[in-house]
Every structure is written in structure tokens, then in C-alpha cells.
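Participant: Please work out how this folds:
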Amino acid sequence: MKAKNYVQLILTAALWGSSFLMIKYSLYELSSFDIAIYRIILGTLLVNLLYRKKVNIKKNDYKYFFVLGFLYMTLPFFLFALAEETITSALAGLINGSTPIFVALIAIIFYKEKVTKMQKLLILSGFVGVVILSLGNVNGVSGSATGMVYAFIASVCYGVSINLVQPLLKTYTPMGALKILLRSASLFSIFILGPFASWGIPSISVSLFPILLLGFGSSGIAFFYFYSLVNDVGAVVSSVTVNIIPIFSIIFGYLFLGELTTIIQMLGVSIIVISAFLFTRIKEGN
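Facilitator: Next up, the predicted model:
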């Protein structure tokens, strides 16, 4: 990876790492439906303002943009907000760290990506980490099993989508693909989530800044940087970005909300992060 790729990686991880804290703040006065809708619409507005070039979509690619708009944005955005109703922002970020394992597994099963015996072992150890992480709820410190399931489903969605989005990034450029994906996600959010939303107005004192950072930062700038990274170095390698997210989510959760992370959870996420990192190092031949 080049120097610019490392910058993209850190900025993306920082923005996405802060998103879990912003979701928790937003939940003080908005519903999970509201949060998902607002962050998608704001991200769509920003990207369409920044990138005004017309994107000519091939007829056969409409279905991919359609599926990814729901699977990569609408559904996981909603599920993470729903999860944080019963789990801490730090734990949500920790669970999100399992994404690279799902990315690798999907790449192997559906894209027939060749892997070594060591890589297979690392994928297995990654899932062991997931199991340990899910057992780390001590005395209700981090929330409910249901909330963790929601977060894991969202991470699986990301794992599928990161593989599926690669051809679109190369064909339409990261910014062009992101523009269409956000438009697709906006339609899903309005027509599927909209009927259940309260459409509450974010107040300046509580949720306005968190929602703006979620929309413009996490759903706009962070996705653009990440897509650029995927386009440069591939899905599996770029998914290491997600390994760094738990670090930011733990720090932000502790500093601003006093959230505690159990030793068992730290052990689980450490196994996941190390497994995913070693997997990509083997892939790069280092």
C-alpha cells in the first residue's frame, strides 16, 4: 500500500469509529429509523453536491446498485442503530471489527478466491474470536444478546457488499459508484424505513451535530475514502480498515460516555483483528 492508502485507511476508520458514538447520542431523541434515514439522505446530498458528473449506468448493473443500496447502507445503518438501543457504542464497534472475516469467507465461497491452509486457519480463529466476543457480556455491562445479533447481521451485510461492490468501483469510479449507491439507499430508506420513522427534528443541543457527522462524515466522506481504497488495493486488504474501527469506538465510548469493555470482549476482538491482519499479510505475500 502507498502512503495515501494509509491516510485513507486511518481517516475512514476514525470517522466510522466515531459513528457508533454519534449513533448513541442521536438515540437520545431520535429513533433507529430516523437515524438511518437522516444519515443516508445527508450523505446523498453531500456526494451529489461534490460530484456532479453524470453517471451512465449499464443496463445489467442496475440490479447491483439496487441490491447494494439496501444491503450495504440502508439495512446495516438501521441495524447498528437498533443494536445500540441495547448495547454500548464500544461493543457495536467491536462487533463491526468482525467484518473482514466475513469479507474473506464470502470471497472464498462465492468468488472462488484461492487461500492457503494458514489462511483457512486464520478465518477459523477469527470466528472463534466472534464467539468469544459474543460471550463477553458481563453483568449487563454491554447490553443484550439481541443487540449483538443485530450488529453481527449488519457486519455480515458489509462482508457481502464489500465483495459485490468491487466491479462497480472499477467501472464507474469510486465517487460515481458511491453517488448511485446513495441514491438507491435513499429510496430504500424513505419507502421502507420512512413509514416507521418519527421524522423528529434533531435539536442543536442533542442530536444535530451527531446526525451531521453521521451523514456528511460517515456516510459521505468515509465511504468515498474507503471505496478509493478498495479500488486501489482490493476488498480483502482494504477491509483491514475495519480492524482499526474498534480502537476508535472503545476510546470514544470510554472518553465521552464512560462505557466499559470487558476483558473477554477485548480478548475476542483481539483474536478477530489479529486473524484478519495476518490473513491480509499472507495475501500480500509479506
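Participant: Please count neighbours and contacts with C-alpha atoms only from this point.
Facilitator: Will do.
Participant: just checking, next helix/strand downstream of the helix or strand of the chain with the lowest mean pLDDT?
Facilitator: Using mean pLDDT, DSSP states H and E, helix 235-238 stands out as the lowest-scoring helix or strand of the chain, at a mean of 68. The helix or strand immediately downstream of helix 235-238 is helix 241-257, counting by DSSP states H and E.
Participant: Now the element after that next one, going C-ward?
Facilitator: Taking DSSP H and E, what comes next after helix 241-257 is helix 263-284.
Participant: Mind listing what's buried along the longest helix anywhere in the chain?
Facilitator: The helix that spans the most residues within the chain, counting by DSSP state H, is helix 145-172. Judged by neighbour count using 16 or more other C-alpha atoms under 10 Å, the buried positions of helix 145-172 are 145, 147-166, 168-170, 172.
Participant: Quick one: mean pLDDT over that helix.
Facilitator: What helix 145-172 shows for mean pLDDT is 90.
Participant: Over to stretch 183-190?
Facilitator: 97.
Participant: now what about that stretch, what contacts it?
Facilitator: With contact meaning C-alpha atoms under 8 Å, 6 or more residues apart in numbering, stretch 183-190 is reached by A36, I37, I40, I41, T44, F65, F66, L68, G69, F70, M73, T74.
Participant: My read is that the last one contacts I35, right?
Facilitator: In this case it means T74. No - contact criterion C-alpha atoms under 8 Å: T74 and I35 do not qualify, at 10.5 Å.
Participant: Show me which of those two is the more surrounded one.
Facilitator: Between T74 and I35, counting by other C-alpha atoms under 10 Å, I35 is the more crowded of the two (29 against 26).
Participant: what would the contacts of stretch 183-190 look like in CSV with distance to E113, secondary structure and pLDDT?
Facilitator: Below are these laid out as CSV (distance: C-alpha to C-alpha, whole Å; DSSP: H, G, I helix; E, B strand; the rest coil; pLDDT from 0 to 100):
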residue, distance to E113, secondary structure, pLDDT
A36, 33, helix, 97
I37, 35, helix, 98
I40, 32, helix, 97
I41, 35, helix, 97
T44, 33, helix, 96
F65, 23, helix, 96
F66, 25, helix, 95
L68, 21, helix, 96
G69, 25, helix, 96
F70, 25, helix, 97
M73, 25, helix, 95
T74, 28, helix, 97
